[in-house]
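A.B. asks: prediction below, plus the sequence it came from.
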Amino acid sequence: MISFIIIGRNESWKLTKCLVSVYKTIYSNNLKDCEVIYVDSNSSDDSIKRAQAYTEIKIFMLTGEYNPAIARNIGANESSGDVLFFIDGDMEIVETALYSFYSEMSGLKYPFCSGNFRNIECIGSDKNLSRLYYKNLKNRFDYTVGGLFLINRKLWNAAGGMKTIFRKSQEIDFGLRLAKKGFFLYRLSTVLANHYTINYNSPGRKWKMLFNKDQLYGRALLYRMNLLNIYTYRRLIRNDFTLVVLASCILSVLILKDFKIILFYLLPVILRSFFKNKFKLGSLLSGILYFTLRDIQQFLGFFLFWPISPRKITYEKIY
């Protein structure tokens, strides 16, 4: 049995697209043994009403503290399938793609797997959509995962679900912990979903994530809690090599008592900002400031950022 577990908060029209695509996937693949679960993180819009338009669905609403990790854990606990298909509420499943991952006859083809997805930028409504883009991936084993994946229940239970202390990046922590145990995500090049989102590289979103602590969860806390995981260092070098340089320079300053060493940090920051922004001077200077502030924040956060795990996790079945 496969359980489609959708999580969301204030997804509005995106949730409708998601649900329509899930039921199309069920019908086009002629799935008989399946269930659909929607876990809502206390939405203030019409998301619940949109979900209630479907009769064959279980709806749960978080009434206490909430984040995506809590929602996914509750969805898994309330599900019955031996295969869990986690879907974010802003994703639209490609109905013809499921057979590459799962069929009722053969079950889940890989214990932990995901696919490619198209990012569709949207602002406000389904009428205001812009750039469509996705990476041309090859089938490969990976050690991190996003909000779209299928997993064998036994493997989910072996990992203990997701850590609710992570307000953000809980799925990346989940993938790293499984990789440490020797279980890797198999990512197929097959496009499995359309993702209606805002560009993560947009200046407004980057600065917002810097000041609302999202980056601290996705970097400082993630690296500290997976400090003894070799795959953490691969991610650190790939995504935050300037942070590595900053830490090395600070350590050298403490040892050698020469503050000029910190100037060596500026070169990789300038180069990183240059390749991100090319010849746009304003964007280049903004990028240098952004990466510098982010690296300083993450370095300090590694030692000083100690969030408290959610203490009041309550929910109710409303449909």
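C.D. replies: Nice, I can see it. Being a predicted model, the structure only gives us computed values, none of them experimental.

A.B. asks: which residues of the stretch 201-319 of the chain fall in strands?
C.D. replies: For the stretch 201-319 of the chain, the strands defined by DSSP state E, counting those that start in this stretch cover 315-317.

A.B. asks: count the neighbours of residue 272 for me.
C.D. replies: By other C-beta atoms under 10 Å, 17 other residues sit near residue 272. Where C-beta positions appear, they are placed from N, C-alpha and C, glycine not excepted.

A.B. asks: where along the stretch 51-200 of the chain do the helices fall?
C.D. replies: All helices of the stretch 51-200 of the chain, identified by DSSP state H, counting those that start in this stretch, fall at 68-77, 153-159, 170-180.

A.B. asks: would you mark the buried spots in the second one?
C.D. replies: Neighbour counts using 16 or more other C-beta atoms under 10 Å place 153, 156, 159 of helix 153-159 among the buried residues.

A.B. asks: pLDDT weak spots in the protein?
C.D. replies: Where the chain drops to pLDDT under 70, the residues are 124-136, 200-201, 203, 277-282.

A.B. asks: just to revisit the earlier point, out of the buried residues of helix 153-159, which comes closest to residue 315?
C.D. replies: Nearest to residue 315, judged by C-beta to C-beta, of the buried residues of helix 153-159 is residue 156 at 18.6 Å.

A.B. asks: rewinding a little: need the buried residues of helix 153-159 in JSON lines with distance to residue 294, can you?
C.D. replies: JSON lines is the format used below for the buried residues of helix 153-159 (distance: C-beta to C-beta, whole Å):
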{"residue": "153", "distance to residue 294": "37"}
{"residue": "156", "distance to residue 294": "32"}
{"residue": "159", "distance to residue 294": "29"}
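
A.B. asks: for the residue lying closest to residue 207 once chain neighbours are set aside, list the residues it contacts.
C.D. replies: Of all residues not flanking residue 207 in the chain, residue 290 sits nearest, at 7.0 Å (C-beta to C-beta, 6 or more residues apart in numbering). Residue 290 sits next to 206, 207, 210, 273 when contact means C-beta atoms under 8 Å, 6 or more residues apart in numbering.

A.B. asks: the most centrally placed residue in the chain and residue 250, how far apart?
C.D. replies: The centroid of the chain falls nearest to residue 146 when counting by C-alpha atoms, centre = their mean (3.7 Å). From residue 146 across to residue 250, the span is 32 Å (C-beta to C-beta, to the nearest Å).

A.B. asks: for the longest strand belonging to the chain, buried residues please.
C.D. replies: Looking across the chain with DSSP state E, the single longest strand is strand 185-197. Under the neighbour-count criterion of 16+ other C-beta under 10 Å, strand 185-197 has 185, 186, 187, 188, 190, 191, 192, 193, 194, 195, 196, 197 buried.
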